[in-house]
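> Got a predicted structure here, sequence first:
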Amino acid sequence: MKKKTIVPLIVFLVGICLLSVFTYNTNVQIQKDRRTIAKLNAVTYGQRIENDIENGIEITDTLKQLLINGNGQIINFSKVAENLMSYSIQSVQLAPNGVVTEIYPEEGNETGKIDLLKDSNRGEISNYAKDHNITITQGPIELKQGGSGLVVRNPIYLKDENGQEYFWGFTIAILRVPEVFEDSTNALSKFKYNYRLSREASVLDKKHVVVDANCDKMIRPVTYDLTVGKKNGNFKSCLELDGATLKLYI
């Protein structure tokens, strides 16, 4: 009797063990598959956000080329700037000698006409951009005209009649935050991802600041590194996500 009882029990226990091993291996594979999908989404949406920011940089490059072609002048700036505007652009600006004199749209942005090189919150990084001749980004910061923005400043150097380079000033684009990322973050939300969007405050301040988020914590994130503005080495970015959790540094 004992043998008849023990044999089925052993078979049952072995079956339980095999089932447990199978279940464990299945769960491990599911987690691997989720992380693989997470990595693919990190690349996809990281590069999409990268492109969103690059669009703002391209606006300043367009204005730069117009200044070069126009010998330091842009005829009918307001009309030109109007054609460069989009939903995510808060304003487009010119700052000859570092002083903002032209803003589009001007209405509501009058307080943005400041001396960037002497401003207490903008002077250090603006002078850095001027001295190193690199496009810099700052923010998100509280704008003098209200609201929050990610600021792109492109230093412009022209040549005088003797062929000597001189600092003309800055072309500037201010990106609305968090609107500039909405297409990407809305898509992430639809896919049930949690996300935190952060970045280094500036090339001079490596502290990460939160740009946009729909959660407080990340769990076991995978990582994807990218850089916006590769020519100048700024906008250091890191995209981390885990299954249904995403974290992005821009």
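Alright, I've got the coordinates.

> Stretch 106-117 - what's its average pLDDT?
Summarised as a single mean, pLDDT over stretch 106-117 is 88.

> Now do it: everything it contacts.
With contact meaning Cβ atoms under 8 Å, 6 or more residues apart in numbering, stretch 106-117 is reached by 78, 91, 93, 95, 98-101, 103, 122-123, 126-127, 130, 143-146, 153, 170. Bear in mind the C-beta positions are built from the backbone N, C-alpha and C, glycine included.

> From the residues you listed, keep the buried residues only.
Buried members of the contacts of stretch 106-117, scored by 16 or more other Cβ atoms under 10 Å, are 91, 93, 95, 98, 100, 103, 122, 126, 130, 143-145, 153, 170.

> among the residues you listed, which are in strands?
Among these, the members falling in strands (DSSP state E) are 91, 93, 95, 103, 153, 170.

> which of the residues you listed lies closest to Lys32?
Lys32 lies nearest to Arg153 out of these, by Cβ to Cβ, at 43.9 Å.

> dump the residue contacts of the closest residue to Met85 other than its chain neighbours.
Excluding its sequence neighbours, the residue lying closest to Met85 (Cβ to Cβ, 6 or more residues apart in numbering) is Val92, at 6.8 Å. Applying Cβ under 8 Å, 6+ apart to Val92 gives the contacts 59, 63, 81, 84-85, 103-104, 172-174.

> so where is this protein shaky, pLDDT-wise?
The chain contains residues with pLDDT under 70 at 1-5, 7, 9, 11-14, 18-22, 24-28, 30-31, 201-202, 222-250.

> Spell out the residue ranges of the helices in it.
For the chain, the helices defined by DSSP state H cover 2-69, 77-84, 123-132, 182-190.

> any chance of the ones you listed in a markdown table, with distance to Arg199 too?
Converted to a markdown table, those look like this (distance: least, Cβ to Cβ, whole Å):
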| stretch | distance to Arg199 |
| --- | --- |
| helix 2-69 | 9 |
| helix 77-84 | 23 |
| helix 123-132 | 14 |
| helix 182-190 | 14 |
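
> Out of those, the one nearest Tyr166 is which?
That would be, of the helices of the chain and by Cβ to Cβ, helix 123-132, which comes in at 11.3 Å.

> His87: what's it in contact with?
Actually, residue 87 is Tyr rather than His. Counting by Cβ under 8 Å, 6+ apart, Tyr87 touches 176, 179.

> if we go to 10 Å?
176, 179-180, 182-183 (Cβ atoms under 10 Å, 6 or more residues apart in numbering).

> before we move on, the earlier item: His208: which of the helices of the chain is closest?
When the helices of the chain are compared (using Cβ to Cβ), the closest one is helix 2-69, at 15.2 Å.
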